[in-house]
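**Student:** could you look at this predicted model? Sequence included:
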Amino acid sequence: MLSHGVLLDTHVLPNVVKACGKLSALKFGREIHCIVCKYGFDPDSVVQASLVQLYLKSDRIRDARNVFERLPEGDVVTYGALLSAYARKGCVNEVKEIFSGMQSYGLEPNVVSWNGMITGFNQSGNYVEAVVMFQEMHSKGFLPDHITISSVLSAVGDMERFNIGIQVLCYVIKLGLLHCKFVISALIDMFGKCACAGDLMKAFEETNEELMDVGARNALLIALSRNDLVDVAMEVFERFRVRGRELNVVSWTSMIAGCSQNGKDIEALELFREMQSAGVKPNSVTIPCLLPACGNIAALVHGKAAHGFALRTGITADVHVGSALVDMYAKCGRIHLSRLCFDRIPNKNSVCWNAIMGGYAMHGKANEAIDIFHLMQQKGHKPDFISFSCVLSACSQGGLTEQGWRFFNSMYEDYGIEAKMEHYSCMVNLLGRSGKLEEAYTMIKQMPFEPHACVWGALLSSCRLHNNIRLGEIAARNLFELEPNNPGNYILLSNIYATKAMWDQVDAVRDVMRSRGMKKNPGCSWIEFKNQVHILLAGDKSNPQMTEIIEKLHKLSLEMKKTGYLPNTNLVLQDVNEQDKEQILCGHGEKLAVALGLLNTPPGSPLQIIKNLRICDDCHAVIKFISGFEGREIYVRDTNRFHHFKDGVCSCGDFW
């Protein structure tokens, strides 16, 4: 048109500018802006308003404001668009200024303008401003629509102000908006965020399922899982499936995440398989939700399958997927694969660095964790409080007391990070395991806040390691006050007494436990082979191969005795004869799991064992022997760290 010399007018230019906005063609839009100025179309309000819209769509809010200021006269649409843009940016003062100017010109906002401000404030995290704007809208006599209500309910939920949510609900009923799918979804989400599980379920039961779209169903499933009602969420999810209700990748991912975060790791793996069978394609959010479940139970085969899926779909470069892979392989005992995944993440964030540091700490590789900490700094990443927790934990696993002190002091001196409870817990653990129990106790007394159970627990565990009765009793007394119903603390104290053959004190502790109805949590170990996870409880005889397992352990015991090994019966905390003590030791879960693995896997293949308690000295010695005698690599992860047994040697160097 220009090349043919046809004159421009105020009808053509706004349409061309609008086309630029739809095509995100900012560069061409700027050229049109120059033409507007060159040919003297600046005074035209319609042309200038179209330029404001162009710059807002291109996220050039400053340029939009400059054009807006030169408008001869604004209209409600242009004002509304600018207000919405500033609200999305969280610019509260600018919104107030423009809103005031709009009213001074005699322009009243319409529902679209109000919604733009309320939704914008909600999206930018300015929840209070969103609610205040809703109240002002109501006071000026404007009737909200479903968009208004959905946005304000979302803001109320994030504020966790249930009393305001109830007021909005009453207003919703009055307006007759309870039939709207968007409002139903927002109500469910609000109840969930406000931790009102009863009201949440009541709202669901009273809602016609036909009115619930997939967004409302997802909001319900997420809210139930968030409120520790994962079993109920699974029942509701299954009800939706049976009734043929629409479910999408968000629905499945929410359930996988809920199971993974609530200790239902096997269920999470099963859901992932069913999701694929149902033809729902996982995405870059699903995989990071699944991988923690694989890591929690060391389901390496399933973790590798998830990794393969991520590779095929090209999402391994995603930082969340990469970080989850680093964590999964570390928890599955494959720290070298963890490092490979870490090195291949193109744009690393603090989560990646902390994941690999935590992995090295878990494997007792203190020097490698420290090297990663320094490399992170060299790459320009500032360590956070989690980074220091990881490196202090690594120092604790390696017995690096001096380095631990340096990192602990550097935290505030170099980075201004105040030590939190977990940092003190790491230091108490480091000092205690290094035998510096008095120094650890002094640190607890000098803490700037009251120590939590994790700190006293670290001291009590160290007292158990070094059989220190005096400090063990002090730590236990504090734990009994902080956690009166935790049987583990009583067991640890009785362990200390038992190692000194103080059976009267052992009986006294057990009497207290019986009077309070507490029972010792049974040791539990599990092993994966043939694509299945097999769980073994200490003393449990229900495994169909138990006769073969006991026979295998008996043969190994005879071979050990030939080498001069005698079982450490001091670890049997019962006043019984030596033969009975040896029999009790055979029932430890990790030994049962190792024997089961030896019976069901090819000779020479590695074994992976997970234990829910700390591995005991006797089991540690036995598994060392088995690794050499059977020619097996055996990975054992307990609550404290990973132990890699090979050729009769453990990676921990017997310091754990």
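**Tutor:** Yes, it's here. In this text, all values refer to a predicted model and were calculated from it rather than measured experimentally.
**Student:** contact partners of whatever helix or strand residue 407 lives in?
**Tutor:** Following DSSP states H and E, one finds residue 407 within helix 401-415. Contacts to helix 401-415, defined as C-beta atoms under 8 Å, 6 or more residues apart in numbering, come from residues 366, 370, 373, 382-383, 385, 388, 391-392, 395-396, 417-419, 423, 426-427, 430-431, 434, 436. C-beta here means a position set from N, CA and C on the backbone, and glycine is covered the same way.
**Student:** tell me the mean pLDDT over the helix or strand just after that helix?
**Tutor:** Next in sequence after helix 401-415, counting helices and strands by DSSP H and E, comes helix 421-433. Summarised as a single mean, pLDDT over helix 421-433 is 94.
**Student:** in PDB, list the C-alpha atoms belonging to helix 421-433.
**Tutor:** Extracted in PDB, the C-alpha atoms of helix 421-433 (Å, rounded to 0.1, in the frame of the first residue of the first chain):
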ATOM      1  CA  MET A 421      18.200 -25.600  63.500                       C
ATOM      2  CA  GLU A 422      19.400 -28.000  60.900                       C
ATOM      3  CA  HIS A 423      22.900 -26.400  60.800                       C
ATOM      4  CA  TYR A 424      23.300 -26.800  64.500                       C
ATOM      5  CA  SER A 425      22.000 -30.400  64.300                       C
ATOM      6  CA  CYS A 426      24.700 -31.100  61.600                       C
ATOM      7  CA  MET A 427      27.400 -29.600  63.900                       C
ATOM      8  CA  VAL A 428      26.200 -31.500  67.000                       C
ATOM      9  CA  ASN A 429      26.200 -34.700  64.900                       C
ATOM     10  CA  LEU A 430      29.700 -33.900  63.500                       C
ATOM     11  CA  LEU A 431      31.200 -33.200  66.900                       C
ATOM     12  CA  GLY A 432      29.400 -36.100  68.600                       C
ATOM     13  CA  ARG A 433      30.300 -38.700  66.000                       C
END
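**Student:** pull out the buried residues from the helix holding residue 407.
**Tutor:** Within helix 401-415, the residues that count as buried by 16 or more other C-beta atoms under 10 Å are 401, 403-404, 407-408, 411.
**Student:** and which of those residues is nearest residue 556?
**Tutor:** residue 401 (36.9 Å; C-beta to C-beta).
**Student:** so where do the helices sit in the stretch 501-650 of the chain?
**Tutor:** 503-515, 546-562, 578-585, 589-600, 617-629 (DSSP state H, counting those that start in this stretch).
**Student:** show me what the helix or strand where residue 477 lies is packed against.
**Tutor:** Secondary structure assignment for residue 477, by DSSP H and E: helix 469-482. Using 3 or more C-beta pairs under 8 Å, 6 or more residues apart in numbering; DSSP states H and E as the contact criterion, the elements in contact with helix 469-482 are helix 437-445, helix 453-466, helix 487-499.
**Student:** at 7 Å what do you get?
**Tutor:** Helix 469-482 sits against helix 453-466, helix 487-499, with contacts defined as 3 or more C-beta pairs under 7 Å, 6 or more residues apart in numbering; DSSP states H and E.
**Student:** can I get the ones you listed in CSV with mean neighbour count?
**Tutor:** As requested, the helices and strands packed on helix 469-482 are exported to CSV (neighbours: other C-beta atoms under 10 Å):
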stretch, mean neighbour count
helix 453-466, 22
helix 487-499, 21
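**Student:** follow-up on the earlier one: just the closest of the buried residues of helix 401-415 to residue 28, please.
**Tutor:** Nearest to residue 28 among the buried residues of helix 401-415, with distances taken as C-beta to C-beta, is residue 411, at 52.1 Å.
**Student:** gap between that closest one and residue 385?
**Tutor:** To residue 385, residue 411 is 8 Å away according to C-beta to C-beta, to the nearest Å.
**Student:** thinking again about what came up before, list the buried residues for the helix holding residue 477?
**Tutor:** 471-476, 478-480, 482.
**Student:** picking up where we left off before, what is in contact with residue 411 and residue 385 at once?
**Tutor:** Common neighbours of residue 411 and residue 385, using C-beta atoms under 7 Å, 6 or more residues apart in numbering, are residue 417.
**Student:** who are the neighbours in contact with residue 286?
**Tutor:** 249, 253, 256.
**Student:** cutoff 8 Å now
**Tutor:** By C-beta under 8 Å, 6+ apart, the neighbours of residue 286 are 249, 252-253, 256, 272, 275.
**Student:** for this protein, name the helix or strand with the lowest mean pLDDT.
**Tutor:** helix 578-585 (a mean of 39; mean pLDDT, DSSP states H and E).
**Student:** and for stretch 592-603, what's in contact with it?
**Tutor:** 525-527, 529-530, 534, 536, 538, 543, 545, 548-550, 552-553, 556, 607, 609, 611, 623, 626, 630-632, 634.
**Student:** give me phi/psi at the residue nearest the centre of the chain?
**Tutor:** Among the residues of the chain, residue 261 comes closest to the average C-alpha position under C-alpha atoms, centre = their mean, at 7.4 Å. Torsion angles at residue 261 (phi, psi; degrees, to the nearest 10) stand at phi -80, psi -10.
**Student:** so how far is residue 328 from it?
**Tutor:** Taking C-beta to C-beta, one finds residue 261 at 15 Å from residue 328.
**Student:** just for the stretch 451-600 of the chain, where's the confidence low?
**Tutor:** For the stretch 451-600 of the chain, the stretches flagged by pLDDT under 70 are 521, 565-588.
**Student:** same thing but 50
**Tutor:** 569-587 (pLDDT under 50).
**Student:** distance check, residue 346 against residue 404.
**Tutor:** Per C-beta to C-beta, residue 346 is found 33 Å from residue 404.
**Student:** please apply the same query to residue 492.
**Tutor:** In terms of C-beta to C-beta, residue 492 sits 23 Å off from residue 404.
**Student:** repeat that for residue 69.
**Tutor:** The value you get for residue 69 to residue 404, if C-beta to C-beta is used, is 59 Å.
**Student:** and if you look at residue 562?
**Tutor:** 42 Å.
**Student:** before we move on, what about residue 334?
**Tutor:** 27 Å.
**Student:** about what we covered before: return the members of the contacts of stretch 592-603 classed as buried.
**Tutor:** 525-527, 529, 534, 536, 538, 543, 549-550, 552-553, 556, 607, 609, 611, 623, 626, 630, 632, 634.
**Student:** buried sites along stretch 213-222?
**Tutor:** 214-222.
**Student:** got it, and stretch 68-81?
**Tutor:** 68, 71, 74, 78-81.
**Student:** quick one: which two of the residues you listed are the most distant?
**Tutor:** Largest pairwise distance in those, by C-beta to C-beta, is 13.7 Å, between 71 and 80.
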